[in-house]
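# Sequence plus the predicted model coming up.
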Number of protein chains: 2
Amino acid sequence: MRWSEAFIPTLREVPAEAELISHQLLLRAGMIRKLAAGIYIYLPLFQRTLLKVAQIVREEMNRQGAVEITMPVLHPAEIWQETGRWDTVGKELIRLKDRHGRDLVLGPTHEEIITFLVRGELRSYRQLPINLYQIQVKFRDEIRPRFGLLRGREFTMKDAYTFDATEESFKKSYQKMIDAYFAAFNRCGLETVKVESDTGAMGGKSAHEFIVLVDTEGGESLIFTCSNCDYAVHSDRASFKEAAPPSEKVLPYEKVHTPNVMAAEEVARFLKLPVQKLVKTMIYKTDNGFVAALVRGDREVNLVKLKNLVGSIEMDMAGTEDVQRITQAPKGFAGPVGLAGLEIIADTEVAVLPNFVSGANEGDYHIKNINTGRDFKPSRVADIKVAVEGEVCASCGKGKLKASRGIEVGNTFSLGTKYSVSLKATFLDEKGGERPFIMGSYGIGITRTAQAAVEKFHDADGIIWPKTIAPLDVHIVPVKMEDAQQAEVAERLYRAFNEAGIEPLLDDRKERAGVKFKDADLIGIPVQIVIGDRGLKEGKLEFKVRKTKESSTAPIGEAVPYFKKLWETI
Amino acid sequence: MRWSEAFIPTLREVPAEAELISHQLLLRAGMIRKLAAGIYIYLPLFQRTLLKVAQIVREEMNRQGAVEITMPVLHPAEIWQETGRWDTVGKELIRLKDRHGRDLVLGPTHEEIITFLVRGELRSYRQLPINLYQIQVKFRDEIRPRFGLLRGREFTMKDAYTFDATEESFKKSYQKMIDAYFAAFNRCGLETVKVESDTGAMGGKSAHEFIVLVDTEGGESLIFTCSNCDYAVHSDRASFKEAAPPSEKVLPYEKVHTPNVMAAEEVARFLKLPVQKLVKTMIYKTDNGFVAALVRGDREVNLVKLKNLVGSIEMDMAGTEDVQRITQAPKGFAGPVGLAGLEIIADTEVAVLPNFVSGANEGDYHIKNINTGRDFKPSRVADIKVAVEGEVCASCGKGKLKASRGIEVGNTFSLGTKYSVSLKATFLDEKGGERPFIMGSYGIGITRTAQAAVEKFHDADGIIWPKTIAPLDVHIVPVKMEDAQQAEVAERLYRAFNEAGIEPLLDDRKERAGVKFKDADLIGIPVQIVIGDRGLKEGKLEFKVRKTKESSTAPIGEAVPYFKKLWETI
């Protein structure tokens, strides 16, 4: 590729619109441009990276016997109504009408469509298992698009769907995708951690996410791993082994005056108690009314756990007026004792905590020595708290939880028969019985993976692409393109690399050397070759490895073999 | 690819929904399935063909210095409003609103977006010329989707856009695309004819289409070529050299009673005149009111020419009531004499035709010996008629026009500065002057090209894929997969072909041989290898070329080299 023929609009300034370093670098390196909120144009260099990521994913899918298809972007609403997701997905689902007034959906995922496809055509257990996938543009109307391609409204996904006759067979199909995912991300230069995750809008039985760990702002996913066993879990569903409650004599309950003291830490300080003796009573508005959630003063409510527990699609903190109506008191003094007319959900730690403090449902008053069962009856007791680093692993009971942050690049879902039952997709088993398919669904964000690589691999000067997904392999930089000899050597190298099947970028611009060097570091092609007067006098080229910034020289005639050796070391 | 892992739902019956043979075959061969009107799922075999067509197109674009990008499917309405196409494109443009109520468009083509992209970034003539392209899903809300992928609502296109500083440079850029197109279609096994065509909703200065000639129902485009010169033109804008009008004495005009005689042929018979002496007066409703169009009795009105002439986006025949109101007579008796209140457009043949007959604007009456100028004054005289085979070429004036039918697979548009002016996209020329880009736009229908190949290459038994775009290269058919020896040989061949970089399909189904053979012919992979008991006894395989149905045998150990030799002959 010649710089003069391509379109690589690099920027010196950091664009104000971008928070994340990867988003800034993709804009600055002329890789992407914004068309509208969450909608991006992929420019020539980035397009090449995307094709490479897609091809790696394709090859690893094919290796596991998955077969590629393409399903439409436009879906008839009827199929989404059949599974119920027309109602449950909410405003993230982009809906439209065609010229005849028929409702359509812009596909955010294709469980409905793939099930529609196979239900008429796969009839026998002998045709199973099967794994169909596609690499395709997807849509999600994010309420607040941000982070570049990470929270976009239009993005590219690989999505795969498995159909099995038995649970045993499904386990094998699922494991194949796990293997494909680790292999594909590794080939992209990205080490990933597989964690248990929430099933979200997908539903089904269980799920995993693949996370690229990063220590930057881009790490929007919080995960926990155990120091002792292989437990790894997304914070959405992380649990820990709870310590036994303090053994205390149950005391009589007592109303205490706490003027203007509301936050758990303040109340604890005021009453000279550890914050672990406080219980926060949080009130939420769900699709089915209000609920009160009780967690210890030092804990936070895990909204995903709570939503799943109450079966609500949307959930928000109750407003001040609602809280006053429900508790008959100003906001900040809610407590479980005497609270009526809504479900009270106590966290498992709260249910066994003796003599705790919570609001009195009366302004400026709290109650001491509350005991679950004696003073109030929770509707349900469940783990509804956010896990924290340092707690004991729920799985092995020995190790400590370690918190990390990262970017989700893939996910896998054990769907069970959710979609096959709702869409009546069945096959005939060995005995001739009609049974619904056991399904799995598996996503990889292609655009997300590419941005995750930038968030992970960069330095102060720009991107450092992993060599497998770099837009091009080698960046030829003649210091002065106006110089006939430099231009001639540059063209010769350009041809030689192309002929050797190595992808060169030739910076044939008549620009200052400083501009070219800065751009080279910014766009991050793994190897740079500098053609300068001094070197040419000795018949030599300067090779620079972008990642290490190490320079070395090699004779012009040996450019290709020298590059190949260098490539092996990267 | 193994049949058992893939999804190849072949059908024995001809699907009722499909009119065209290619549409029928794509459905029957398990290549596509319909999701909704004009919206299709591409199944594993067809997906492979599409990837091959796309890759050929990509390579030929890259060879001409074009550079790949990807633009979004979702476009903000504002940009379409800036160019005016928000209003001019009509209902084929799919519109929607996002969750915040903002208007969006599903991209049918990307002139707006590419111009938006470069206008901020390309500033100097030194950065020109440039050619950016993408391969991407497109949307068009066809009023009556049909013919499978040929008139679909969702389809895959390669679309390219050139930006030049001068007309001279633009001509070179345009020619490069012409070269790329011929090369790409040739590599797909498709000979194409390049014809002049109408610019349609794209606007701009001129356009060409690339047509694959077919002699089936699928040939929806009518084109004319000259027997003498290289004139080739779409019927939308075909002209011919008109014969000199008969030299006659101008006669006085005369009203004649023609009870219940209306159609031109009937009137001619009734009056014992050649139909060439009749003139049809057709009334159309346009965006700007009604027009009357006059063509000779043996001609038809060319609606594209007429629409372009009057500058109307939509145009329909006037309704009966409108005709009665305008002509003050029952429908069927319209004529130019005394017609008022609307534009009268006379075809060039009509304007010079002496003593013709047309309606009298009075029930059951016609007028004889009408002469343009003397008896009525046309608002405009223009060529508004459909060309016909056998007329004299308008270009060389010697050859005869030959009519052919075909499928449009590509188009190229000389846009001039239409989009750069309306979107204010300018660059600085050598003298520092601000000038709008000179643009071109170039499309290839990827899904269309694949279906055109099927419409062109098939026989009574199924598809005959050109070898460059066949889903796979060789189809291995063990007659009886239950037979251990056959299965072993089949697996061995499957591995050997894969290792040799030749793509095999292994029909590993436990199906009757007849079913397998029928399916093999139906899906149309270029070479079939039959593994049967009789052959195996002699250590031989049967090779069959799908296209010619010629069989030959080769020893098992020589399968790969024998295949390679055979491949060269196809």
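Received the coordinates, thanks. Residues are numbered from 1 along each chain as shown, chains lettered A, B, ... in the order given.

# which one is A:Glu13 nearest to, not counting chain neighbours?
Closest residue to A:Glu13 apart from its sequence neighbours, by Cβ to Cβ, 6 or more residues apart in numbering or on different chains: A:Arg28 at 7.8 Å. Where C-beta positions appear, they are placed from N, C-alpha and C, glycine not excepted.

# no wait, A:Glu254
Nearest one to A:Glu254, counting by Cβ to Cβ, 6+ apart, is A:Lys368 at 4.6 Å.

# partner strands of the helix or strand the one you found falls within, parallel or antiparallel?
Using DSSP states H and E, A:Lys368 maps to strand A:365-370. Partners of strand A:365-370 in the sheet, by DSSP bridges, are strand A:254-257 (antiparallel), strand A:356-359 (antiparallel).

# Can you show me the CA trace of the first one as PDB?
It stands for strand A:254-257. Output of strand A:254-257 as PDB, limited to C-alpha atoms (Å, rounded to 0.1, in the frame of the first residue of the first chain):
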ATOM      1  CA  GLU A 254     -33.900   0.200  70.500                       C
ATOM      2  CA  LYS A 255     -34.800   3.400  68.600                       C
ATOM      3  CA  VAL A 256     -32.000   6.000  68.600                       C
ATOM      4  CA  HIS A 257     -32.100   9.600  67.700                       C
END
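
# and that strand, which residues are buried?
For strand A:254-257, burial by neighbour count (16 or more other Cβ atoms under 10 Å in any protein chain shown) applies to A:Val256.

# hang on, A:Ile407 is in a helix, isn't it?
No. A:Ile407: not assigned to a helix; according to DSSP: H, G, I helix; E, B strand; the rest coil it is strand.

# For it, grab the count of nearby residues.
The tally of other residues near A:Ile407 (other Cβ atoms under 10 Å in any protein chain shown) stands at 28.

# Secondary structure element for the residue nearest to it when sequence neighbours are not counted, which one?
Nearest non-adjacent residue to A:Ile407, counting by Cβ to Cβ, 6+ apart: A:Ala452, 4.3 Å away. If you go by DSSP H and E, A:Ala452 is part of helix A:446-456.

# Need the contact partners of that helix.
By Cβ atoms under 8 Å, 6 or more residues apart in numbering or on different chains, the residues outside helix A:446-456 that reach it are A:20-23, A:25-26, A:42, A:46, A:49-50, A:53-54, A:57, A:135, A:148-150, A:152, A:155-158, A:185, A:188-190, A:212, A:214, A:216, A:218, A:407-410, A:463, A:465-466, A:469.

# could you redo the last one with a cut-off of 7 Å?
Identification of contacts with helix A:446-456 by Cβ atoms under 7 Å, 6 or more residues apart in numbering or on different chains yields A:20-22, A:25-26, A:46, A:49-50, A:53-54, A:57, A:135, A:148-150, A:155-158, A:188-190, A:212, A:214, A:216, A:218, A:407, A:409, A:463, A:465-466, A:469.

# Could you do stretch A:240-251 as well?
A:348-349, A:352-355, A:369, A:371, A:387, A:391-394, A:397, A:401.

# cutoff 6 Å now
Outside of stretch A:240-251, the residues within contact range by Cβ atoms under 6 Å, 6 or more residues apart in numbering or on different chains are A:349, A:352-355, A:369, A:371, A:387, A:391-392, A:394, A:397, A:401.

# which SS class is the closest residue to chain B within chain A?
Taking Cβ to the nearest Cβ, chain B has its nearest neighbour within chain A at A:Leu96, 3.7 Å off. Judged by three-state DSSP, the three-state class of A:Leu96 is strand.

# so how many other residues sit close to the closest residue in space to it that isn't next to it in sequence?
Leaving out its chain neighbours, the residue that sits closest to A:Leu96 by Cβ to Cβ, 6+ apart is B:Leu96, at 3.7 Å. Neighbour count for B:Leu96, taken as other Cβ under 10 Å: 17.

# try A:Glu196
A:Glu196, neighbours per other Cβ under 10 Å, totals 18.

# What's opposite it in the beta bridge?
Assigned bridge partners for A:Glu196, using DSSP bridges, are A:His208, A:Val233.

# Surely it touches A:Val233?
Yes. Between A:Glu196 and A:Val233 there is a contact under Cβ atoms under 6 Å: 4.4 Å.

# can you list contacts of stretch A:65-73?
Contacts of stretch A:65-73 (Cβ under 6 Å, 6+ apart): A:106-107, A:110, A:113, A:131-134, A:160, B:5-6, B:35, B:39, B:41-44, B:47, B:137, B:154.

# ugh, typo on my part, it should be stretch A:201-214
A:89, A:181, A:190, A:192-195, A:197, A:199, A:221, A:223, A:234, A:404, A:406-416, A:418, A:452, A:455-456.

# CA atoms of the worst-scoring helix or strand of chain A on mean pLDDT as PDB?
None of the helices or strands of chain A scores lower by mean pLDDT, DSSP states H and E than helix A:85-88, at a mean of 90. Output of helix A:85-88 as PDB, limited to C-alpha atoms (Å, rounded to 0.1, in the frame of the first residue of the first chain):
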ATOM      1  CA  ARG A  85     -37.700 -10.700  23.000                       C
ATOM      2  CA  TRP A  86     -39.600  -8.000  21.100                       C
ATOM      3  CA  ASP A  87     -40.800  -7.000  24.500                       C
ATOM      4  CA  THR A  88     -37.900  -8.000  26.800                       C
END
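
# Check which residues of that helix are buried.
In helix A:85-88, counting by 16+ other Cβ under 10 Å, buried: A:85-86.

# how about the residues of chain A that lie near chain B?
Neighbours of chain B within chain A, by Cβ under 6 Å from any Cβ of the partner chain: A:5-7, A:9, A:35-36, A:39, A:41-44, A:47, A:65, A:67-74, A:76, A:91, A:96, A:98-99, A:117, A:121, A:132, A:137, A:141, A:154.

# Buried ones in stretch A:245-265, by neighbour count?
Per 16+ other Cβ under 10 Å, stretch A:245-265 contains these buried residues: A:256, A:258, A:261, A:264.

# possible to save those as TSV with pLDDT?
Shown next, in TSV, are those (pLDDT from 0 to 100):
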residue	pLDDT
A:Val256	96
A:Thr258	95
A:Val261	92
A:Ala264	93
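
# Just those residues: which are in helices?
Among those, the residues falling in helices (DSSP state H) are A:Ala264.

# ends of stretch A:471-491, how far apart?
In stretch A:471-491, first residue to last residue: 20 Å (Cα to Cα, to the nearest Å).

# So what's the gap between that stretch and the chain middle?
40 Å (Cα atoms, centre = their mean, to the nearest Å).

# again with stretch A:260-272
Here stretch A:260-272 is found 37 Å from its chain centre; the criterion is Cα atoms, centre = their mean.

# Now do that stretch: everything it contacts.
Contacts of stretch A:260-272 (Cβ under 6 Å, 6+ apart): A:258, A:275, A:278, A:280, A:297, A:332, A:366.

# Alright, I will stop here.
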